[in-house]
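>>> The amino acid sequence is not available; the structure is as follows:
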């Protein structure tokens, strides 16, 4: 069964540094999402992406965040200047249609020091 | 925006007993309600979902009920097994037409005692 994959599984960075988190959605999916989960807390929506543009974004997704689909397979989340409070697990998800089930990747655990 | 409340935060049951987790949502326009199971350190996995045009859905030992009038929905697990132990998240969504935006509850840590 196809799955969403994410790299790296863990990322440690210094405050102020840029990080790029990578996701490979399920191949025939068209809708892409990023969520984050701070340790021990609930999953929070960051952004949705369709047809090469952002569909929705939350208050968390400020100017420090950006998303991109640079080619036909990858979907990336960039944090320009990381803050301590960006430390969290970041999940990518994809869906085959707008109303379809979202399938989550295994996550990237980001630690900002 | 949408707000989802989930109860209880922790739930312990004996193996073989039933478990019920409840969620309420605030936006009457929400039309899709998935439930995800998350084992420690792993990705959330969809276990069942329900759309607003039905009141109940069942898949083997798992069922979900939806009361649109009261704006609440519940997960029922029967004949619980130790492998059901995990954190369960409910979610609600208003489809914007171009993509979904899931709002999650705070999670329920279910422990099934052998």
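That came in fine, so what should we check first? Please read these numbers as outputs of a predicted model, since none were measured by experiment. Residues are numbered from 1 along each chain as shown, chains lettered A, B, ... in the order given.
>>> Surely residue A:73 is within a strand?
No: going by DSSP: H, G, I helix; E, B strand; the rest coil, the assignment for residue A:73 is coil, not a strand.
>>> Not counting residues beside it along the chain, what's closest to it?
Of all residues not flanking residue A:73 in the chain, residue A:24 sits nearest, at 5.5 Å (CB to CB, 6 or more residues apart in numbering or on different chains). (Each C-beta comes from the backbone N, C-alpha and C, glycine too.)
>>> Show the backbone phi and psi for the one you found.
phi -120, psi 110 (degrees, to the nearest 10).
>>> Assign the residue in chain B that chain A sits nearest to to helix, strand or coil.
Nearest to chain A in chain B, going by CB to the nearest CB, is residue B:99, at a distance of 3.7 Å. For residue B:99, the assignment made with three-state DSSP gives coil.
>>> ok, now residue A:85?
Classification of residue A:85 by three-state DSSP places it in helix.
>>> can you count the residues close to it?
Using other CB atoms under 10 Å in any protein chain shown, residue A:85 has 10 neighbouring residues.
>>> so what secondary structure elements neighbour the helix-or-strand element of chain A with minimal mean pLDDT?
Within chain A, no helix or strand scores below strand A:53-57, which has a mean of 91 by mean pLDDT, DSSP states H and E. Judged by 3 or more CB pairs under 8 Å, 6 or more residues apart in numbering or on different chains; DSSP states H and E, strand A:53-57 is in contact with strand A:43-50.
>>> Taking strand A:53-57 as reference, get the angle to the strand it packs on.
Inter-element angle recorded for strand A:43-50 and strand A:53-57: 150 degrees (by axes from the mean of the first three to the mean of the last three CA atoms, to 10 degrees).
>>> any residue of strand A:43-50 up close to chain B?
Yes: on the criterion CB under 8 Å from any CB of the partner chain, strand A:43-50 is in touch with chain B at A:43-45, A:48-50.
>>> How about residues contacting the least confident helix or strand of chain A?
A:31, A:45-49, A:67, B:96, B:98-99, B:101 (CB atoms under 8 Å, 6 or more residues apart in numbering or on different chains).
>>> Would you reformat those as CSV and include distance to residue A:37, pLDDT and neighbour count?
Formatted as CSV, the contacts of strand A:53-57 follow (distance: CB to CB, whole Å; pLDDT from 0 to 100; neighbours: other CB atoms under 10 Å in any protein chain shown):
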residue, distance to residue A:37, pLDDT, neighbour count
A:31, 20, 92, 22
A:45, 11, 93, 25
A:46, 11, 96, 21
A:47, 15, 95, 21
A:48, 17, 92, 27
A:49, 19, 92, 24
A:67, 18, 97, 22
B:96, 22, 59, 13
B:98, 24, 67, 15
B:99, 19, 72, 24
B:101, 16, 84, 21
